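In: coords below, sequence missing:
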């Protein structure tokens, strides 16, 4: 007996499970999300470096092709994110700015500066661990520069 599988079933979008009937996020904390909370996001990827980069590629590609005229800024990216990898992953390298901290400057300070300047639509950092104070600093800098802060933790 052969069973046919229908691919015409409606699919539940990835984040709909976390949305209420009104389409607004369900917040489990007693504290409502503030503007600062919406300016900072974090992505944690664990596993083999090659697999993590494979999962990261479409996210970075989408951000690099953003219609916003500002930069996608990568602050102190891991050594595995080479120019060749960016090219092979299909990123728009003309819209990407790679920044590395100077001597005496931390990656956090550089990310904050990049966010505050407002010349980037998204500033991606690779900080680990990111404590509450760090999140708040990045979120506040993002709000002041009308940008988004994304921290990626690769494990």
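Out: Looks like it arrived, so ask away. Not measured: the values here are computed from a predicted model.

In: Quick check: which ranges of the protein have low pLDDT?
Out: Low-confidence segments of the chain (pLDDT under 70): 1-37.

In: Can you show me the helices along it?
Out: Shown for the chain, the helices assigned by DSSP state H span residues 35-39, 49-64, 83-88, 107-117, 132-144.

In: so which of these comes closest to residue 154?
Out: Checking the helices of the chain against residue 154 by C-beta to C-beta gives helix 49-64 as the closest, at 5.2 Å. In this view, the C-beta of every residue, glycine as well, is placed from N, C-alpha and C.

In: which residues touch the nearest residue to residue 77 once chain neighbours are set aside?
Out: Using C-beta to C-beta, 6 or more residues apart in numbering and skipping residues adjacent in sequence, the residue nearest residue 77 is residue 126, 6.1 Å away. By C-beta atoms under 8 Å, 6 or more residues apart in numbering, the contact list for residue 126 reads 75-78, 107, 151-154.

In: Tell me how far residue 65 lies from residue 80.
Out: Going from residue 65 to residue 80 by C-beta to C-beta, to the nearest Å gives 21 Å.

In: no wait, residue 102
Out: Distance, residue 102 to residue 80, by C-beta to C-beta: 22 Å.

In: So which of the two has more stuff around it?
Out: residue 80 (12 against 8; other C-beta atoms under 10 Å).

In: wait, what's in contact with that one?
Out: 49, 53.

In: what about 10 Å?
Out: By C-beta atoms under 10 Å, 6 or more residues apart in numbering, residue 80 lies in contact with 49-50, 52-53, 56, 154.

In: what about burial for those, which qualify?
Out: By neighbour count, with 16 or more other C-beta atoms under 10 Å, the contacts of residue 80 hold 52-53, 56, 154 as buried.

In: Name the nearest of the residues you listed relative to residue 118.
Out: Proximity of these to residue 118 (C-beta to C-beta) peaks at residue 56, which lies at 24.9 Å.

In: Pull the contacting residues for that closest one.
Out: Counting by C-beta under 10 Å, 6+ apart, residue 56 touches 43, 45, 78, 80-81, 85, 89, 124, 152, 154.

In: one more time with 8 Å
Out: With contacts defined as C-beta under 8 Å, 6+ apart, residue 56 is in contact with 43, 45, 152.

In: Let's see the PyMOL selection covering just the buried ones among the residues you listed.
Out: If you want just the buried ones from the contacts of residue 56 in PyMOL, going by 16+ other C-beta under 10 Å, the selection is:
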select buried, resi 45+152
